[in-house]
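Trainee: here's a sequence, model it:
(chains A and B)
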Amino acid sequence: MIGVVSYLVFFATTASILAIAVLGLNLQWGNTGLFNGGVVAFFGAGAYGTLILGGMPQGAHLGGFALFYPLALLGGMALAGLMAWIVGLLTLRLRHDYLAIATFGVAVAFENLVRNAEWLAGGAKGVRGFERPLRAMLGDGFLYNLCFLAVVLLALVATYLFLERLVASPFGRLLRAIREDEEAAQSLGKSPAGVRLTAFVTGSVILGLSGGLYGTFYAFVSPQDVLPTLTFQIWAMLIVGGSGNNRGAVFGAFLIWGAWTASGWALSRFAPVEAQLYTGSVQFVLIGAVIVGMLLWRPRGLLPERLVVSQRGKTPLAKQGV
Amino acid sequence: MPITKLTRAGVGLAAALAALAGAAQAQDCTTKIGAVLPTSVDWGRPIAETAQFAVDQVNEAGGAAGCRIEMVLRDTQVDPKVGVDAAKALVDLEGVKVLLGAVSSGVSMPILTSVTVPGEVMQMSCCSSSTAFTKLAEEGKTGGLWFRTFATTGVQSAVGAKVAKDQGYGSVAILYKNDDWGQDMARLIAADFAAVGVDVTASVAVNDGQPSYRAEVTEALGSRPDALYLALYPAEGTAAVREWISLGGTQNMILANSLKSDDFRDSVGLQYLGETLGTDTASPRSDSADAFRAAYMARFGKEPNGPGLANSYDAAMIALLAMEAAGQDASGADVAAAVARVTDPGGTPVSADTAGFATAKGVLASGGTVMYQGATGDVRFDANGDVSAPAVVWSFTDGGTEEVEFLSLHDVDTFIASLK
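Mentor: Next up, the predicted model:
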C-alpha cells in the first residue's frame, strides 16, 4: 500500500513538473499563436542553469557556485528567459511553420552545445554533484518526495493562477487579438512585435522553471534529457488537453504522462512473456494512435478553449433577462 | 542386514521426498526482479533477451533463494524520465530489491540518484560506462548499491593502444560516438596512444542517425593516419567505415568491442576487414565461457555477438547468485553485500550456466563462497562497483570472430601500469 502511495507521489511530481512546461507552451501557442518547436531548449536552459548555479564544485566544468536554492532556480529561469529574448529578437518576425523550424533548430543547437562543450556543461556525462535542498533535514526517502511534491504543486498552482489572471487581463485580450489577426491589432495602435516577444519570453521563463524543478528532482541532467522527444511530448500534452485553455494544459499533462507510464506498466504486467520484448515498440504505437485519434475526433482538445466576449455590445433590455 | 538395507532405503526415500518438497516449495513462491532496458531500440532488445536467458537458466536450477525468479521488464525508450518512472514503479509497485539496468549512463544515473539509492535497491548495469559513476561511488553516494559488469573503459583503451603499438602504426585517427561512453573512450585512448608513442592525427565525434558521415570521415582521412580507431556502434560504424573505405581509407582499423557484431561485418563486407583488429574484455580460459557460448547458441541459434550481451548475462547471473547468497527476504543492501561472496577470487569456481548455478547453491548453503566465471571473465568488482577483466584481441572471420591474442587479467593490469 505504502508502495502505491509512494509511486503516486513520484508520478504526480513528474506530471506536475511537465504540466508547468505545458502551461508555458500554452501561453506561447494557445494564447499568442507562437509555434515554439524548441520547447526543450528553454526547459534545458532552466535545468542546466539551476544545477550549475546550485551545484557543488566539480573539477571538469563550469559550475559549483553552490548558490542558495531559490536563487539557483531563479537563475535557471533567468537563463531560459535570456535565451528566449535573444532567440525571440532573431526569429519572432517569422510566422507559423517558419518559426517552428527556426526554434527547432535552436533546440538541436542547444543539445549539441551541452553535449560537446565539456568545459561548460560536462559534455555527454551531464551535470551532477547537485545536492537536493534540505536533504540533510528530510532524508532521501518518501518524506522528501512528499515535501518536494508540495513545492512542485505550489509552483504549478502559482503558475496557473498567474496565467489565468494574465489571460483575463487586457494584455491577454491583446495576445488573442494578435493571434487572430495581427494586422487588425496593429491598426488599433498595438505593437505586435513587442507583445509577441513579451509572451515568448514569459512562456520560456515558465518552461525554465519546469526544467529547473526537473533537474532538482533527479539531481542530475544530461544531454539525454534535452532530446527533441521532450518537445514532442509537451506538444502532445497541450494538443490533447486543449490549447488555449490552462486547465486543459494541466489536464493534458497528467493524462498523457499517465497514459505514457501506465501503458508501459500494463504491458509489462499483462502482456505474455514472449511479447515482453516488444512492449517498448507497442507502447510507441499506442501513444501515437491516441494522439492521431484525438486529432481526428477532438481536434480542439479534451477541454477546448472557452471563447470569451470581453465587452458585450449593447443588447435590448428585454433580452438581457433571458 | 535386511533392517539396515531397509533403513537405508527409508533414509533415501525420505531424502528424495525432502528434495521433492524443496523443489515444490521453490515453485510455490515467486521473487520479482526488475529490468529497465531500452527494448524499443534495435540493440537493446538482445540485451534484454540475454538477461531473461540467465533468469530462465536459474529457474531451471530451481530458482534463487528458494523461489522462482520472475524478471519484470520495462522499456526505457532511452528517455531518462521514462526510465526513472519505470524503475520507480518496479521498486514501489512490484517490490523488487534488485534492478538490472539501464544501458545509457544518462538513464542509469538519475535512476541511481533518485530511485535505487533512496529506496535501498541494488542496481546492476550491464552497459553504463560513464566515469561519473566511479566518481559518485568514490564520494560514497552510491551506498555500495551500484555495480556494473561493463569493464571500465580503461581496459578497452589500453588494449587498443597495445594493438596499435604491436602493429607498428605510427599514427592513428579516432572516430568516436558522441555520447558519454564515446567521449570517455576518445579521451582515454588518446592518452594511451600518446603513452605508447603513437600520434593521434585527428579525433572526430560522430553523432547518431546522420544520413552521411562524409564530413567526419574526410576530416579523419585528411590527417593521413596509418590506422583508424573506431569507438562506434554498429549502425554509425557501418556508415562511417563504408565511406572511409570508399574514399580510399586504410583497412588498418582497430575496433572497440561495440563493433564486435555480425551485422557490422556483413554490412561492411569481410573483404574490407582483413587488416582489422578488435579489442574486447575476454572470457576466461575455462569451460564456463564455452558453456555460455554453447548454451547461447543452442537457445538463439547464433553466436553471442553484439554490444553488451555477455555483460548483460553476467549482470543478471551475479545479481541472482547474490540473491541466493543473501537468502530469502533479503533487502537490497543485503544482496549488494552478498555480491562479494559470489565473486570471491578464493571461492569455488562456478560456471555460467544452469549446472554452475546449482553448484553455487550447494556451496553457498554450506557457508562457502564462490567465484563466478562469467561470460566476460572472472568478474571481480572493486570498491566502486567497477570491474577489471582479461582482454582479447580478435579479428572477423566468415562465421563470426576469432581470437588473435589473449591477455590475462595480470597482463592487462601490468600493461595498464606500464602506461602510467
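Trainee: what residues of stretch A:96-108 count as buried?
Mentor: Within stretch A:96-108, the residues scored as buried using 16 or more other CB atoms under 10 Å in any protein chain shown are A:L99, A:A100, A:A102, A:T103, A:F104, A:V106, A:A107, A:V108. (Each C-beta comes from the backbone N, C-alpha and C, glycine too.)
Trainee: put together JSON lines for these, with distance to chain B, secondary structure and pLDDT on each row.
Mentor: Listed next are these as JSON lines, based on distance: CB to the nearest CB, whole Å; DSSP: H, G, I helix; E, B strand; the rest coil; pLDDT from 0 to 100:
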{"residue": "A:L99", "distance to chain B": "25", "secondary structure": "helix", "pLDDT": "89"}
{"residue": "A:A100", "distance to chain B": "21", "secondary structure": "helix", "pLDDT": "91"}
{"residue": "A:A102", "distance to chain B": "21", "secondary structure": "helix", "pLDDT": "92"}
{"residue": "A:T103", "distance to chain B": "20", "secondary structure": "helix", "pLDDT": "93"}
{"residue": "A:F104", "distance to chain B": "15", "secondary structure": "helix", "pLDDT": "93"}
{"residue": "A:V106", "distance to chain B": "17", "secondary structure": "helix", "pLDDT": "94"}
{"residue": "A:A107", "distance to chain B": "15", "secondary structure": "helix", "pLDDT": "94"}
{"residue": "A:V108", "distance to chain B": "10", "secondary structure": "helix", "pLDDT": "93"}
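Trainee: got these as a markdown table, with distance to B:C29 columns?
Mentor: Below are these laid out as a markdown table (distance: CB to CB, whole Å):
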| residue | distance to B:C29 |
| --- | --- |
| A:L99 | 59 |
| A:A100 | 55 |
| A:A102 | 59 |
| A:T103 | 54 |
| A:F104 | 52 |
| A:V106 | 54 |
| A:A107 | 49 |
| A:V108 | 51 |
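Trainee: just confirm B:P307 is within a strand.
Mentor: No: counting by DSSP: H, G, I helix; E, B strand; the rest coil, one finds B:P307 to be coil, located in no strand.
Trainee: ok, now which ones touch it?
Mentor: The contact partners of B:P307, by CB atoms under 8 Å, 6 or more residues apart in numbering or on different chains, come to B:W43, B:I47, B:C127, B:Y233, B:P234, B:N257, B:S258, B:K260, B:S261.
Trainee: how about the helix or strand in which the second one is found and chain A, any contact?
Mentor: Think B:I47. For B:I47, the enclosing helix or strand under DSSP states H and E is helix B:44-60. Yes: applying CB under 8 Å from any CB of the partner chain, one finds helix B:44-60 in contact with chain A at B:G44, B:R45, B:A48, B:E49, B:Q52.
Trainee: near chain B, which residues of the stretch 151-300 of chain A are found?
Mentor: A:214, A:217-220, A:222-225, A:227, A:229, A:260-261, A:264-265, A:268-269, A:276-281, A:283-284.
Trainee: quick check on those: which are buried?
Mentor: A:214, A:217-220, A:222-225, A:227, A:229, A:260-261, A:264-265, A:268, A:276-280, A:283.
Trainee: which regions of the stretch 151-300 of chain A sit below the pLDDT cut-off?
Mentor: Along the stretch 151-300 of chain A, the parts satisfying pLDDT under 70 run over A:273.
Trainee: all strands of the stretch 101-250 of chain A, in order?
Mentor: In order along the chain, the stretch 101-250 of chain A carries no strands (DSSP state E, counting those that start in this stretch).
Trainee: who touches the residue of it found nearest chain B in this structure?
Mentor: Nearest to chain B, among the residues of the stretch 101-250 of chain A, is A:Q224, at 3.4 Å (CB to the nearest CB). By CB under 8 Å, 6+ apart, A:Q224 lies in contact with A:G126, B:V78, B:D79, B:P80, B:S104, B:G106, B:V107.
Trainee: so how far is B:G222 from B:I254?
Mentor: 19 Å (CB to CB, to the nearest Å).
Trainee: more crowded one of these two?
Mentor: B:I254 (27 against 11; other CB atoms under 10 Å in any protein chain shown).
Trainee: mind listing what the more buried one touches?
Mentor: B:G160, B:V163, B:A164, B:V172, B:A227, B:L228, B:Y229, B:L230, B:T276, B:L277, B:G278, B:T279.
Trainee: got a list of what the first one touches?
Mentor: The one in question is B:G160. B:I189, B:D192, B:Y229, B:I254, B:A256, B:T279.
Trainee: let's see 6 Å
Mentor: Shown in contact with B:G160 (CB atoms under 6 Å, 6 or more residues apart in numbering or on different chains): B:I189, B:I254, B:T279.
Trainee: for A:L307, phi and psi?
Mentor: In this entry, A:L307 is assigned phi and psi values of phi -80, psi 130 (degrees, to the nearest 10).
Trainee: next structured bit after the helix or strand where B:L73 lies?
Mentor: Assigned by DSSP H and E, B:L73 falls within strand B:68-75. Going down the chain from strand B:68-75, the next helix or strand is helix B:80-93, by DSSP H and E.
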